[in-house]
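Participant: Return a 3D structure for these sequence lines:
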Amino acid sequence: MASMLSVFIAVLAGYLAAGTLIAVASRRYLRGGLRDYYVSGRLGSFLSAMTYAATTYSSFMIVGLVGFTYATGAGALGFEIAYFTATLGILVLLAERTWRMSRERGWVSPAEMIADLSGARWVAPLISIIYMVSLVFYAGAQLKAIGEAVAAPGGEHYYLAGVLLGLLIMLVWSGIAGIWSVAATDAFQGLWMLASGLGLLAWVWWRLHVAGYGLADAGRVLVESGHLVPSGHGGYWRLNTFLAFSLPWIFFAVTNPQALQRLYVPRDERSLRGMIKWFSVFGITYTIIVTLTGLLAYAGNALGIIPLGVEASVKYADKVTPRLLLLSGPVLGSIVFTSIVAAAVSTADSILLTLASSASSDLVPRGASEKQKRLAGVIAMLAIGAAMAAIAAARVAFIVKLSVLSSFMLLGLAPPVIALLAGLRVRPWAVAAASLTGPVMVAAGLAYYSRTTSAFKAVLLTFASKPFGVSLAAWILLVSLLVTLAGLRRPVEEG
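Facilitator: Numbers count the residues shown, from 1 in each chain. A predicted model of the protein is given here:
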């Protein structure tokens, strides 16, 4: 334990030093001005792709999805592939038009974009507030992952220190040069995530191999346990469960502002196409790595080769990766523990920067000076950071469900945003009403279940609720779609 902790501290210190140097060096590219700080619009293919990938693939993957696959089976891969496929489709169909309009109209925040396309400025503050309230759960999940990563080698008393350290890194790296420091450190962190994930998968396979077991033996164990059947281990992956997880992620690219805003950053159409291509390579590779790790870890545990001592239950899903790393040895374990920090930081600082841009663009009065707008962004970053830390410290729910809960709240934005980006015109009242369906339904669920149970169980019950036998996510999407259709009017003319 002491050896693991000392090596982890050394690796983490090296990661922090390298990341900080990269962030500081990126300041040379910052020209000044609010839009250049938050969006730039001058990033090449590599940085655009890596910041998109590292922003969307968070600690949800290496901690949440590894453990979730271990607990429930290959259905976890199914819902992640649903996200990946849908995101690629959205990027292919809508990214170029969105990028072109962002340059023509000078958008800084996605809320500003939605307000502009719907024709009413008052929509922007409403959407901005919805973003902030919803994404604090997703960002809080990232800090929770950092806390778990630090606590695993050091002990539970290090959990809060990990949360606070993660918050400090996010604030500093996102504040140094805005999108430039975030994108540069995202590239560094994304490569670290990919390499360390591959190393962990190789170690799990090697443990099986040296014990005399092959992939066929692991496959037999996984089939017998139900991990490779459509319904999953213990019949977890019923249709409503699959929809509850998949629907919010399918529309992630248009509902989450940090993903939408990344469509503004490429310098030209060639860079945009490169972004899509390299994001797809990163995404499918990383998804296969983490889900295979979860499946093989379960097989190794069942065969007595990798004694994790973790029950195959979603209740203990977040414990799988930390236990796995404690067994993998100080060096590899410390590298992957640091990748958890990297994955969480790369997502959360992007969220912080995007929400700060929304506060600067959408929550300040017209005519405010650039200094006042920057101050609004700083205040928003600090306030959201404090809320993130509070959620992480409370350990409200496990990482996958905290992440999906945020997307539940943002799901109502999918129909109006897709319609607007496709060139349709949606009346402002319909945009506002549709965007509120997610927060209203989630708040109603939390209020209902909190009457008789703890906050932890209320989150889980709301997430899994099925009014009239249909997933809450499907209800949110259906109501939002009907409202959007009711508010359609003539198409937007091409600029």
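Participant: For the stretch 351-495 of the chain, which segments count as helices?
Facilitator: Ranges of helices within the stretch 351-495 of the chain are 370-394, 399-410, 414-421, 428-449, 455-464, 472-486, based on DSSP state H, counting those that start in this stretch.
Participant: If you count neighbours, what's buried in the last one?
Facilitator: It stands for helix 472-486. Buried residues in helix 472-486, counted by 16 or more other CB atoms under 10 Å: 472-477, 479-481, 483-484. Any C-beta I mention is one placed from the backbone N, CA and C, and that applies to glycine too.
Participant: now the first one
Facilitator: Residues of helix 370-394 classed as buried by neighbour count (16+ other CB under 10 Å): 373-374, 376-377, 380-381, 384-385, 387-389, 391-393.
Participant: so which of the helices of the stretch 351-495 of the chain comes closest to G78?
Facilitator: Shortest distance between G78 and the helices of the stretch 351-495 of the chain, using CB to CB, is found for helix 399-410: 13.9 Å.
Participant: Report how many residues lie close to the residue nearest to T293 when sequence neighbours are not counted.
Facilitator: Distances taken as CB to CB, 6 or more residues apart in numbering place L201 nearest to T293, at 4.8 Å, with adjacent residues excluded. L201 sits with 20 neighbouring residues when counted by other CB atoms under 10 Å.
Participant: Am I right that L201 falls within a helix?
Facilitator: Yes. Remark: L201 belongs to a helix, assigned using DSSP: H, G, I helix; E, B strand; the rest coil.
Participant: Can you list the neighbours in contact with stretch 3-15?
Facilitator: Contact with stretch 3-15 is made by 150, 153-154, 192, 326, 330-331, 333-335, 337-338, 341-342, as judged by CB atoms under 8 Å, 6 or more residues apart in numbering.
Participant: how about the nearest residue to A368, chain neighbours excluded?
Facilitator: A368 sits nearest to A376 (CB to CB, 6+ apart), 7.8 Å away.
Participant: Do you know the pLDDT at the one you found?
Facilitator: According to the prediction, A376 has pLDDT 93.
Participant: wait, it sits on S360?
Facilitator: Yes. Assessed by CB atoms under 8 Å, A376 is found in contact with S360 at 5.2 Å.
Participant: Next one: the residue nearest to T293 from W475, what distance?
Facilitator: Using CB to CB, to the nearest Å, L201 is found at 38 Å from W475.
Participant: sec struct for S134, please.
Facilitator: Secondary structure, three-state DSSP: S134 is helix.
Participant: Surely it and G438 touch.
Facilitator: Yes. If you go by CB under 8 Å, S134 and G438 touch, sitting 7.3 Å apart.
Participant: More neighbours: which of the two?
Facilitator: Neighbours were counted for S134 and for G438 using other CB under 10 Å; G438 has more, 28 against 24.
Participant: show me the contacts for that one.
Facilitator: G438 sits in contact with 130, 134, 408-413, 476, 480, where contact means CB under 8 Å, 6+ apart.
Participant: leaving aside the residues next to it on the chain, what's closest to it?
Facilitator: G412 (4.0 Å).
Participant: Assumed L47 was part of a helix.
Facilitator: Yes. If the criterion is three-state DSSP, then L47 is within a helix.
Participant: Mind pulling up the pLDDT for it?
Facilitator: Among the per-residue scores, L47 holds a pLDDT of 95.
Participant: Kindly provide the distance from the residue lying closest to it once chain neighbours are set aside to L160.
Facilitator: Using CB to CB, 6+ apart and skipping residues adjacent in sequence, the residue nearest L47 is A183, 4.7 Å away. The gap separating A183 from L160 is 30 Å, by CB to CB.
Participant: Looking at those two, which one has more neighbours?
Facilitator: Of the pair A183 and L160, A183 is the one with more neighbours under other CB under 10 Å, namely 29 against 15.
Participant: Does the more buried one lie in a helix or a strand, and which?
Facilitator: Element membership for A183 (DSSP states H and E) is helix 179-210.
Participant: Would you mind listing the residues in contact with S350?
Facilitator: S350 is in contact with 51, 54-55, 174, 182, 186, 258, 262, counting by CB under 8 Å, 6+ apart.
Participant: if you set the cut-off to 6 Å instead, what comes out?
Facilitator: Residues near S350 by CB atoms under 6 Å, 6 or more residues apart in numbering: 55, 182, 258.
Participant: Name the residues of the strand or helix carrying it that are buried.
Facilitator: Using DSSP H and E, the element containing S350 is helix 330-362. Neighbour-count burial for helix 330-362, counted by 16+ other CB under 10 Å, picks out 330, 332-362.
Participant: how distant is that helix from the center of its chain?
Facilitator: On the basis of CA atoms, centre = their mean, to the nearest Å, helix 330-362 sits 9 Å off its chain's mean C-alpha point.
Participant: Likewise for stretch 148-156?
Facilitator: Computed by CA atoms, centre = their mean, the chain-centroid distance of stretch 148-156 equals 22 Å.
Participant: Stretch 153-163 now?
Facilitator: 22 Å.
Participant: now the end-to-end length of it.
Facilitator: Across its full length, stretch 153-163 reaches 15 Å between end residues, using CA to CA, to the nearest Å.
Participant: cool, stretch 458-471 as well?
Facilitator: End-to-end distance for stretch 458-471: 16 Å, by CA to CA.
Participant: any idea how far it is from the chain center?
Facilitator: Relative to the centre of its chain, stretch 458-471 is centred 22 Å away, using CA atoms, centre = their mean.
Participant: circling back to that earlier point, doesn't W475 make contact with the residue nearest to G438?
Facilitator: No. Between G412 and W475 there is no contact under CB atoms under 6 Å: 10.2 Å.
Participant: before we move on, back to that, ok, the buried residues of helix 370-394 vs I288, which is closest?
Facilitator: Among the buried residues of helix 370-394, A392 lies closest to I288 (CB to CB), at 28.6 Å.
Participant: low-scoring pLDDT stretches of the stretch 351-495 of the chain, where are they?
Facilitator: Flagging of the stretch 351-495 of the chain using pLDDT under 70 yields the residue ranges 396-404, 455-456, 490-495.
Participant: how about 50 then?
Facilitator: Across the stretch 351-495 of the chain, the ranges flagged by pLDDT under 50 are 492-495.
Participant: Now the phi/psi pair for L424, please.
Facilitator: As for L424, its main-chain torsions (degrees, to the nearest 10) stand at phi -90, psi 160.
Participant: Ok, S40 next?
Facilitator: Per degrees, to the nearest 10, the backbone of S40 is at phi 70, psi -70.
Participant: pLDDT at the closest residue to it other than its chain neighbours, what is it?
Facilitator: Nearest non-adjacent residue to S40, counting by CB to CB, 6+ apart: I179, 4.8 Å away. Looking at I179, its pLDDT stands at 95.
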